[in-house]
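Chemist: Predicted model and sequence below, questions to follow.
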Amino acid sequence: MFDSADGDGIARSRPVGGTSKRLIDVVLASIGIVMLLPLFSLCVLALLLTSRGPVVFRHRRVGFRGRHFDCLKFRTMAQDASELSEYLGSDPRQPKQCAETLRYAPRVTPFGAVLRKTSLDELPQLFNILRGDMSMVGPRPLTDEELEKYGLRVSAYLACKPGITGLWQISGRSKTTYRERVMLDYTYAENWSLVMDAKTMLLTLPVFLSSSDAY
């Protein structure tokens with residue numbers, strides 16, 4: 001747990017963003033869904049043809065002010081696959097600092113591996129944005145178990161809506177240590193601005209196109 005009180009403003013209570021951020025989120029998510037509808041359709045068709053099971057995977061995450069929501073992703077694992085946490089520690093190749101992302105998940109389908117590598121598995125989260133669960137830019141969506149490790153920085157995290165992209169995605173993604181991820185989330189919460197959001201989205205594009213450090 002990261003309890004050290006290095007830095008001011010840890011007990012943040014004011015929400016990050018507001019009406020302007022929400023308006024931008026809704027506009028961009030709506031445009032994204034319309035423009036990417038052919039890609040959505042191709043992903044759905046490929047999932048139906050290559051493996052059995054639901055097209056969309058739902059995972060319980062902690063959102064703004066501690067409210068839980070179902071984070072949506074295209075399913076990347078076999079139908080009978082258990083939760084990812086079942087595999088943590090079972091393979092010595094897995095990065096030990098990461099609680100959610102498995103580099104060598106044993107039940108990932110071939111098409112699921114493509115979705116993960118290209119981050120296309122996260123496209124359904126545009127609907128999370130329209131529902132008000134997430135934002136275009138923000139901290140990573142966390143599980144309850146991960147949130148417990150945030151210590152004194154938890155209030156800063158809970159002042160934000162989780163984002164489809166954020167500082168983590170443009171700072172090394174799966175190569176970052178868990179402590180670095182906590183600090184990136186905290187940095188975003190404490191220094192948020194519309195300019196920061198715009199820069200983050202612009203920097204996300206080349207990372208997305210290169211599939212850098214994604215798995």
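Modeler: All right, it came through fine.

Chemist: any idea how far residue 187 is from the closest residue to residue 52 other than its chain neighbours?
Modeler: When the adjacent residues along the chain are set aside, residue 52 lies closest to residue 79, with 4.7 Å between them (C-beta to C-beta, 6 or more residues apart in numbering). (Glycine included, C-beta is placed from N, CA and C.) Counting by C-beta to C-beta, to the nearest Å, the gap from residue 79 to residue 187 is 39 Å.

Chemist: before we move on, what about residue 143?
Modeler: Distance from residue 143 to residue 187, counting by C-beta to C-beta: 21 Å.

Chemist: In a helix, residue 160, correct?
Modeler: No: following the definition DSSP: H, G, I helix; E, B strand; the rest coil, residue 160 is coil and is not counted among the residues of a helix.

Chemist: distance of it from residue 37?
Modeler: When distances are taken as C-beta to C-beta, residue 160 and residue 37 turn out to be 29 Å apart.

Chemist: And the strands in the chain, which stretches?
Modeler: Taking DSSP state E to define them, one finds strands in the chain at 56-62, 68-74, 135-137, 163-165.

Chemist: any idea which of the ones you listed is most buried?
Modeler: Per residue and on average, the most neighbours among those fall to strand 135-137, with a mean of 27 (mean count of other C-beta atoms under 10 Å).

Chemist: Can you list the strands that that one pairs with?
Modeler: strand 163-165 (parallel) (DSSP bridges).

Chemist: mind listing what the closest residue in space to residue 165 that isn't next to it in sequence touches?
Modeler: Ranked by C-beta to C-beta, 6+ apart and with sequence neighbours excluded, the top spatial neighbour of residue 165 is residue 204, at 4.3 Å. With contact set as C-beta atoms under 8 Å, 6 or more residues apart in numbering, residue 204 has these partners: 165, 169, 170.

Chemist: so who does residue 47 touch?
Modeler: Residue 47 makes contacts with 55, 74, 75, 111, as judged by C-beta under 8 Å, 6+ apart.

Chemist: Try it again at 10 Å.
Modeler: If you count contacts by C-beta atoms under 10 Å, 6 or more residues apart in numbering, residue 47 has them with 53, 54, 55, 56, 74, 75, 76, 109, 111, 112, 115, 121.

Chemist: got the residues you listed as CSV, with pLDDT and distance to residue 154 columns?
Modeler: Listed next are the contacts of residue 47 as CSV, based on pLDDT from 0 to 100; distance: C-beta to C-beta, whole Å:
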residue, pLDDT, distance to residue 154
53, 89, 34
54, 92, 32
55, 95, 33
56, 95, 29
74, 96, 30
75, 94, 30
76, 92, 29
109, 90, 35
111, 93, 36
112, 92, 32
115, 94, 31
121, 94, 27
